[in-house]
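Enquirer: Everything below, folded, please.
(one chain, ligands or ions: 3)
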Amino acid sequence: MSRLTPIRFKATDLDEIAATKGRVAVLVTPDGKLDPGARRVNRLTKGAVARLVESEGFPKMESGQVVSLAWPAGLAAEALDILILSRQSDPVQARKAGAALAKAKGTASLMLLAGNARQADNLALGLALRDYRFDAHKTAEQEEAADTSAEVVIHHTRPDDMAAAVEPLLAVAEGAHMTRDLVNEPANILTTTDFADRLVEMRDLGLTVEVLDEDKLAELGMRTLLSVGQGSDSPSKVVVMQWNGGAQDAAPLALVGKGVVFDTGGISLKPAAGMEDMTMDMGGAGVVAGTMRALALRKAKANVVGLVGLVENMPSGNATRPGDVIRSMKGTTVEVINTDAEGRLVLADVLWYAQERFKPAGMIDLATLTGAIIIGLGHDNAGVFSNDDALCNAFLKAASAEGEGAWRMPLGKGYDELIKSRIADIKNTGGRPAGSITAAQFLQRFVKPETPWIHLDIAGVALVKSDTDFAPKGATGWGVAALNRLVRDRFESET
Ligand code: BES
Ligand code: MN
Ligand code: ZN
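Expert: Ligands and ions are numbered 1, 2, ... in the order given. Below is the predicted model:
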């Protein structure tokens, strides 16, 4: 696992600045006010900060932007980062500013003079979220990383308060980093077995983790899930992670993730171009894992159970064929029209199992389910489908408060027409119209009406081709922060 760069708060000490190696960062408000740290740096650099503030360009700059000066005269630092930050910044704006600093910083150490900034904890979270690299398979970077001792030190007038405030936030960053590591990892390394092993390791954090193997899944009747993995040499698995931090009798929130470690499409084989991206088809399971990690790290006072269906969708002499009919664990029969619509087959059984076993107070599934959601919403918003307005609105509020894009999409009886099968109860595709909705509608057939449920189609947001506010290009970790907040605001007991 990639390690978070350590971040610590300490009492403001303006005497340390001149001798600091690495980078030094100061805060300036958009109307050009310097705090004591920035004033000190300004004196040491014979006016470098004031020259920026008085420059023609300064009024055009916005809160959250960073201006970097390399090798500033008067400092031992390799660079001076001047962060423009409004004192009225909300938490998301402060995080974006922290992320901008992390981007400027690269792999260097940083000393940030934060004075008495109210949002220093969120600045730190932004720094931690954006300070991520996936270089596990880059040999030169690996050698370098082995002997780095980079750290971030934030000088603040109330270091103890900030250190306490930042602790649960950094749990979220660590969870999101885990999600990104899983999503970025290629499928020859992150096999179903390796994925399950990484989840078992989270027992160290106090999670209860069970791995259900193929024999157990067959015994339970998870035939639609097994039908997806049967063409692969990697065994299918369901992993159940429980965090019991809440009241003993409180029904849990269930998080269910699609964990297709590689999606070739199966016999309905995908075209070659872009198929390499299908290493990310376990993104839903990745978010479930990262969220469970965050909850355990911050010892959330809630009961949450995470279930992931880990399979590989491969063509072979033993693979499921188009036209096959399979009886799900629930008993509903499914005609497989297209073996590339496999995510819903995996989720159908895991959703049913989650409800039968845990009688959850709410259930949220996450899946890189359809290409159609990318056509509809692009890469800025996940698709949100729900049978419960209260839970759905609480989720949308949490996502917006965390700066994670989410947009509600409709469900409706009319769409069921599109997934009627001639020979079975339902078929697994409904053709091109409303592709994301028919997929959600399929899932809803495996949700009990009394279970408040949300389906999140994260195909567009799990992996992106350019930098986002909080992540370098690649896996984003989208959803860990929103789900963590939803748990905090809606499922956590007062005790
Ligand atoms: N894993 C894909 C969806 C996907 C596409 C995720 C692009 C991320 C990026 C899913 O299993 C799939 O193949 N869906 C098909 C469904 C179709 C056959 C009904 C799709 O979207 O084309
Ligand atoms: Mn597919
Ligand atoms: Zn898929």
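Enquirer: Identify the residue of the stretch 201-350 of the chain closest to ligand 3, quick one.
Expert: Using CB to the ion, the single residue of the stretch 201-350 of the chain nearest to ligand 3 is Asp263, 3.7 Å away. C-betas here are computed from N, CA, C, even on glycine.
Enquirer: Make sure that residue is actually in contact with Asn313.
Expert: Yes. Taking CB atoms under 8 Å as the definition, Asp263 is a contact partner of Asn313 at 4.7 Å.
Enquirer: shared neighbours of the two, anything?
Expert: Common contact partners of Asp263 and Asn313 (CB atoms under 8 Å, 6 or more residues apart in numbering): 281, 340, 342.
Enquirer: which of those are close to ligand 1?
Expert: With the criterion set as CB under 6 Å from any ligand atom, the members of the shared contacts of Asp263 and Asn313 near ligand 1 are 281, 340, 342.
Enquirer: from those residues, which is closest to Leu486?
Expert: The nearest member of these to Leu486, counting by CB to CB, is Asp281 at 24.1 Å.
Enquirer: one step back: give me the neighbour count for the residue of the stretch 201-350 of the chain closest to ligand 3.
Expert: 26 (other CB atoms under 10 Å).
Enquirer: pLDDT score for it?
Expert: We note a pLDDT of 99 for Asp263 in this prediction.
Enquirer: ok, and what's touching the lowest-mean-pLDDT helix or strand in the chain?
Expert: Counting by mean pLDDT, DSSP states H and E, the chain has its least confident helix or strand at helix 139-146, which shows a mean of 82. Helix 139-146 has contacts (CB under 8 Å, 6+ apart) with 107, 133, 135-136.
Enquirer: Turn the residues you listed into TSV, columns for secondary structure, pLDDT and neighbour count.
Expert: Compiled in TSV, these are given as follows (DSSP: H, G, I helix; E, B strand; the rest coil; pLDDT from 0 to 100; neighbours: other CB atoms under 10 Å):
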residue	secondary structure	pLDDT	neighbour count
Thr107	coil	93	13
Arg133	coil	95	15
Asp135	coil	93	14
Ala136	coil	93	15
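Enquirer: Looking at this structure, which helix is longest?
Expert: Identified as the longest helix of the chain according to DSSP state H is helix 159-184.
Enquirer: and that one, how far out from the chain's middle?
Expert: 11 Å (CA atoms, centre = their mean, to the nearest Å).
Enquirer: What distance do you get for Leu169 to Gly245?
Expert: 18 Å (CB to CB, to the nearest Å).
Enquirer: For the stretch 151-300 of the chain, which segments count as helices?
Expert: 159-184, 192-200, 214-220, 223-229, 283-297 (DSSP state H, counting those that start in this stretch).
Enquirer: Run the contact check for the longest one versus ligand 1.
Expert: Right, the one you point to is helix 159-184. No. Applying CB under 6 Å from any ligand atom, one finds helix 159-184 separated from ligand 1 by no less than 11.0 Å.
Enquirer: The contacts of helix 139-146: which two are farthest apart?
Expert: Using CB to CB, the two most remote members of the contacts of helix 139-146 are Thr107 and Ala136, lying 14.9 Å apart.
Enquirer: that older thread, nearest to ligand 2, of the contacts of helix 139-146?
Expert: Nearest to ligand 2, judged by CB to the ion, of the contacts of helix 139-146 is Ala136 at 25.8 Å.
Enquirer: Need the phi and psi values for the closest one.
Expert: The phi/psi pair for Ala136 (degrees, to the nearest 10) reads phi -60, psi -30.
Enquirer: which residues does it contact?
Expert: Counting by CB under 8 Å, 6+ apart, Ala136 touches 2, 142, 181, 185.
Enquirer: could you flag which of those residues are buried?
Expert: 2, 181, 185 (16 or more other CB atoms under 10 Å).
Enquirer: Please list all residues in contact with the second one.
Expert: Pointing back at Asp181 there. Residues near Asp181 by CB under 8 Å, 6+ apart: 1-2, 134, 136, 475.
Enquirer: can you put these in a markdown table and add secondary structure?
Expert: Listed next are the contacts of Asp181 as a markdown table, based on DSSP: H, G, I helix; E, B strand; the rest coil:
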| residue | secondary structure |
| --- | --- |
| Met1 | coil |
| Ser2 | coil |
| Phe134 | coil |
| Ala136 | coil |
| Ala475 | strand |
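Enquirer: can I get those residues in JSON lines with distance to Gly317?
Expert: Shown next, in JSON lines, are the contacts of Asp181 (distance: CB to CB, whole Å):
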{"residue": "Met1", "distance to Gly317": "37"}
{"residue": "Ser2", "distance to Gly317": "39"}
{"residue": "Phe134", "distance to Gly317": "35"}
{"residue": "Ala136", "distance to Gly317": "34"}
{"residue": "Ala475", "distance to Gly317": "33"}
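Enquirer: of all these, which comes closest to ligand 3?
Expert: Using CB to the ion, Ala475 comes nearest to ligand 3 of the contacts of Asp181, at 15.8 Å.
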